[in-house]
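Student: Provided below for reference: sequence and predicted model.
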Amino acid sequence: MEVRARLGIFLCDCGKSLNNIDFSKVKERAEKFQDVVYVGLSSCLCLKEGLEEMLSVVRQERINRVVIAACSPELKENVFRKALEEAGLNYNCLSIANIREQCSWAHEADVTDKALELIRMAANKARLLQPVERKDTPVNTEVLVVGGGFSGMKSALELSELGLRVTLMEREPVLGGKLGEFEGFYGFETTPKEILSSVREAIEGNKNIGVLTSAEIIRVEGEAGNFTVSIRRGEEKVSRSFGAIIFATGYTTEILPQDFELKPDVNIISQRKLVEMLEAPAGLEQRPGTIGFVLDVSDENSRLPFLSTLNNALAVKEKLGSEVYVFCKNLKVDSEGMERLYREARERGVVFLKFEEKPRISKEDGRVKVEARDVLRGEEVVLLCDFLVAEEKVLPPEGTQTLSSMLNIGTDSRGFYQDENVYLYPVASERRGVFFVGGCRGDSDLARASTDISSAVTSFIRLLSPRDVMVEVKPQKCRACLTCIRVCPHSAVKLVRVETGEEVAKISGVACDRCGICTAICPAKAIRFEGYADEQILAEIEAIGESL
Amino acid sequence: MSREDNKIVAFCCQHSAYQVANKAGRMRLHYPDNVRIIRVPCAGRVDVQHILKAFEKGVVGVLVMGCQEGACQHLTGNTRAKKRVKYTEDLLKEVGIDGGRVKMVNLAPDMAQRFVGEIKEMAEKIEGR
C-alpha cells in the first residue's frame, strides 16, 4: 500500500553566507508545495546541532521524505543519510537541492526564484523515492589467479593474507615465470632468483593457496561474485566457481626476424642467453672482448628491454670486464632508478651510440660486424663484436587473444589486455570482477606490478562489501530481448529462468556499477533504477517552469 | 521574453559534469541563471523521453553533459548519450524546432571554464532565436 508522502524541507543558509537567496521568501513559498508538512531554516544543518534538530522534527512531524536544500550532495549526502537512518528513515528517502554551488555561488544577482525551483524539483523527486534494501548478495570469496609468475604469486599471497582462499593456476609445470631470467637488479642485494624462491616457498607453505600447474582455462561463465571457470589439466577437466579472477599472464619476448637479417646463433644471442653466460662465466672458452647490444630497431621500444640491457651491461662489465657498446635510437629511462643505472653504466665505460637508420649487421671472421651511423658524432661506426645481444620485442603471451575473446575483453594495439579507460580503472576490465596485473597489461617492471597487485586486491575487497539493490528488472515486463545484456558495460546482466518457466534478464547486485545505461535503453522499460527511475527524473523536469 | 521563460536544462553526469558545475560555483564563475542542472549517474542514463519532456515543459535548450570520450566511468555511456542526442535533434527538426537546441558536451571534472562557456553559448543561441 502506498503511504502518503509527508515531506519535510530543510533549508540551510550555510552560516548565513548565501546572501543572494531570500530565505524567508523561500520558506513561505515552499510551505505551499504539495505534501509539505514542514519547512525549516538552519545555518548549520550539517553540524551536530543542525542534525539533531532535523531528526527531532522528522520524528515529531512523522516526516517520511526529506528534502535538504544546501550544498552539493557529494559533500554531505552521506552524513545526512546516516542521520536519517538514525531517525528510522530509509536512507534513500532523501533528495538534495544544490542551492549553494549550483545556485547562490554560481550567480551574482538575486537567485531566490531559482533556488525555489531547485527545491521544487527535489521535492517532486523526493515524493517518488522508494526505500531500498541493503542485501548481502552471496559472493564467492575464492579468487582464481591465472599465471604463476611474480605478479600471480604475489597476488595470491596478498589475498591469502586477508584470509581469502586462492587458487593459483599456471600453464607450465612449475611456478616461476620470467623473473628468474633476469641476472640481477643492479644495486640490489637480493637477486631475482632469491626473490623468486622466497615467494615460491611462501606459496608452498600457505594453506589458503591451492596451486594448479600445467592447467589451462577453457571457459569462463557467470559474473562478478560468481564465475564458473572450466579448467583443463592434462586429460582431466574440472569446473570450479570463483568470486573474481586476477589475470597475471605476463608477457613473452621474441627476437623478431624482420628486425635482424641474421638469425640468432652462436654470436647473435638473446638477453636470456647472455644471462646464462653471466651465471657461469667459467664455462666460456674465452672471455669475450667486446659485447654489443642493439635496441629500437623496428620501432620505439618499451621500458623492459632497456631495463634488462642496462642491468646486463653492468653485469657484463662487472663479471667479464668486456667492452660494451649499446646501439639504440632513443634511450628511455622511465622506470624508477633507470636514470641512475644509465649514469652508472656510462661511468663504468659502457658506450651508448645513437642511430637513426637501422644498423647493418653481418658476419666477419666468426664475429659480428655492426655498421651504423652515430648521429651524435656524425660518424660511421664499425664495430666487431664477439657477441651481439639482439633486441627482443615484449609481446603478449601465447593465448592472450583466445582468452580475451573468451572473456569478451578488448586488447590494446599491441595485443596486451586492458586498454579500456586506464584512467579510471587501472587494473579492472570491462568485466567487473576480472582484473589484470603486471606484465599482461603491457611491459611493467616490478614496482608497477606490485602497485597493480595491491590495487586489484583492494578492488576485490570493495566488490565483497554489501551493496544495495538499486537497479532491478521487473520480470513481468521483461521480453528477454537481450538488449541489456548486450549494452551493459560491466557484464552484470544475465538470463535466468523464473517460476513461470520463462527466461528473463537479471542484474547481479555485485557486478552492477549503477550507470543506468540498461534502464535508458530497455525497449520494454522493464528496468527500474531507484533514485534515477524515469518517473523520478521526469518529476524533476516537471517542476521546471511551474508557477511558484 | 524574459530570461526566466528561456530555460535550459543540463543533464550532468555525476562523475564529471556535475562536479564541473560545482567547481564553477566554487570559483565564482558566473553563468546565466536560467540553467537547471539535473544530476544523472551517467550520461548514458539520459533518455530521449527526458529531453523531450524538458521541451514539452517549455524549456528551450537542453545540454547533455558527460565525460570526455574514452574516459567514461561506464565505458560507453557518453557515446550512447551522444547518439541519443543526435536522434533527439533529428526528431526536433522534424517538428520544426531547429537543431542546436540540444547538444552533447564532453567534459573532464576540471573544465569549469568550458562548462560556463557552453552554458553561455546555449543561452545566447536561444536568446537570439
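Tutor: That came through, no problem.
Student: contact partners for residue A:174?
Tutor: Listed by Cβ atoms under 8 Å, 6 or more residues apart in numbering or on different chains, the contact partners of residue A:174 are A:148, A:213. For the C-beta atoms, the positions are set from N, CA and C on the backbone; glycine is no exception.
Student: state the pLDDT value of residue 86.
Tutor: All of this is about chain A. Residue A:86 carries a pLDDT value of 90.
Student: I was after chain B.
Tutor: So, for residue B:86, pLDDT stands at 95.
Student: after the longest helix seen in chain A, which helix or strand is next?
Tutor: Looking across chain A with DSSP state H, the single longest helix is helix A:446-464. Toward the C-terminal end, the helix or strand that comes next after helix A:446-464 (DSSP states H and E) is strand A:467-468.
Student: and whichever helix or strand comes after that following strand, what other elements does it pack with?
Tutor: Counting by DSSP H and E, the element after strand A:467-468 in chain order, helix or strand, is strand A:471-473. Using 3 or more Cβ pairs under 8 Å, 6 or more residues apart in numbering or on different chains; DSSP states H and E, the elements in contact with strand A:471-473 are strand A:503-507, strand A:527-529.
Student: out of those strands, deepest packed?
Tutor: strand A:527-529 (a mean of 23; mean count of other Cβ atoms under 10 Å in any protein chain shown).
Student: for it, which strands pair with it and how are they oriented?
Tutor: strand A:471-473 (antiparallel) (DSSP bridges).
Student: quick one, what contacts residue 111?
Tutor: You didn't pick a chain, so chain A it is. A:20, A:21, A:103, A:104, B:33.
Student: wrong one, I was asking about chain B
Tutor: residue B:20.
Student: against residue B:120, how distant is it?
Tutor: 14 Å (Cβ to Cβ, to the nearest Å).
Student: same check on residue A:131?
Tutor: Taken as Cβ to Cβ, the span from residue A:131 to residue B:120 is 41 Å.
Student: mind checking the SS state of residue A:535?
Tutor: Following DSSP: H, G, I helix; E, B strand; the rest coil, residue A:535 is assigned to helix.
Student: ok, it - contacts?
Tutor: If you count contacts by Cβ under 8 Å, 6+ apart, residue A:535 has them with residue A:128.
Student: per-residue confidence at it?
Tutor: For residue A:535, pLDDT reads 95.
Student: can you check residue A:47 too?
Tutor: The per-residue pLDDT of residue A:47 was computed as 94.
Student: again, but for residue A:538
Tutor: So residue A:538 comes in at 96 (pLDDT).
Student: neighbours around the nearest residue to it once chain neighbours are set aside, how many?
Tutor: Once flanking residues are discounted, residue A:538 sits nearest to residue B:53: 5.4 Å by Cβ to Cβ, 6 or more residues apart in numbering or on different chains. With neighbours defined by other Cβ atoms under 10 Å in any protein chain shown, the count for residue B:53 comes to 21.
Student: is residue B:53 in a helix, a strand, or coil?
Tutor: Per three-state DSSP, the local secondary structure of residue B:53 is helix.
Student: in CSV, list the helices and strands packed on strand A:471-473 along with mean pLDDT.
Tutor: Converted to CSV, the helices and strands packed on strand A:471-473 look like this (pLDDT from 0 to 100):
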stretch, mean pLDDT
strand A:503-507, 94
strand A:527-529, 95
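Student: and those as TSV, adding distance to residue A:178?
Tutor: As requested, the helices and strands packed on strand A:471-473 are exported to TSV (distance: least, Cβ to Cβ, whole Å):
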stretch	distance to residue A:178
strand A:503-507	40
strand A:527-529	45
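Student: so which of those gets nearest residue A:112?
Tutor: Among these, the nearest to residue A:112 by Cβ to Cβ is strand A:527-529 (32.5 Å).
Student: show me how far that closest one is from its chain's centre.
Tutor: 27 Å (Cα atoms, centre = their mean, to the nearest Å).
Student: for stretch A:158-166, same thing?
Tutor: Put simply, stretch A:158-166 sits 19 Å off its chain's centre (Cα atoms, centre = their mean).
Student: now swap in stretch A:505-521 and tell me
Tutor: 19 Å.
Student: swap in stretch A:18-34?
Tutor: For stretch A:18-34, the distance to the chain centre is 45 Å (Cα atoms, centre = their mean).
Student: contacts for that stretch, please.
Tutor: By Cβ under 8 Å, 6+ apart, the surrounding residues in contact with stretch A:18-34 are A:7, A:9, A:11, A:13, A:36, A:39-41, A:69, A:99-100, A:103-104, A:107-112, A:115-116, A:119-120, A:123, A:127, A:548.
Student: returning to that earlier point: which one of the contacts of residue A:111 sits closest to residue A:85?
Tutor: Out of the contacts of residue A:111, the member with the shortest distance to residue A:85 (by Cβ to Cβ) is residue A:103, at 27.4 Å.
Student: what's the burial count for the closest one?
Tutor: Counted with other Cβ under 10 Å, residue A:103 comes out at 26.
Student: so the residue nearest to the spatial centre of chain B versus residue A:155, what's the distance?
Tutor: With distances taken as Cα atoms, centre = their mean, residue B:63 lies nearest the centre of chain B, 1.5 Å away. Separation of residue B:63 from residue A:155 (Cβ to Cβ): 43 Å.
Student: next: residue A:446.
Tutor: In terms of Cβ to Cβ, residue A:446 sits 13 Å off from residue A:155.
Student: the two: who's more crowded?
Tutor: residue A:155 (29 against 20).
Student: these two touch, right, the more buried one and residue A:437?
Tutor: Yes: the pair residue A:155 and residue A:437 passes the contact test of Cβ atoms under 8 Å, sitting 6.0 Å apart.
Student: quickly list what's touching both of those two.
Tutor: With Cβ under 8 Å, 6+ apart as the test, residue A:155 and residue A:437 both reach A:246, A:248, A:453, A:456.
Student: tell me which of the residues you listed is nearest to chain B?
Tutor: Lowest distance from chain B to the shared contacts of residue A:155 and residue A:437 (Cβ to the nearest Cβ) belongs to residue A:456, with 18.3 Å.
Student: hang on, the earlier thing: OK, contacts around the residue nearest to residue A:538?
Tutor: A:538, A:541, A:542.
Student: if you rank those residues by neighbours, which is first?
Tutor: For the contacts of residue B:53, the largest neighbour count, defined by other Cβ under 10 Å, is 26 neighbours, found at residue A:541.
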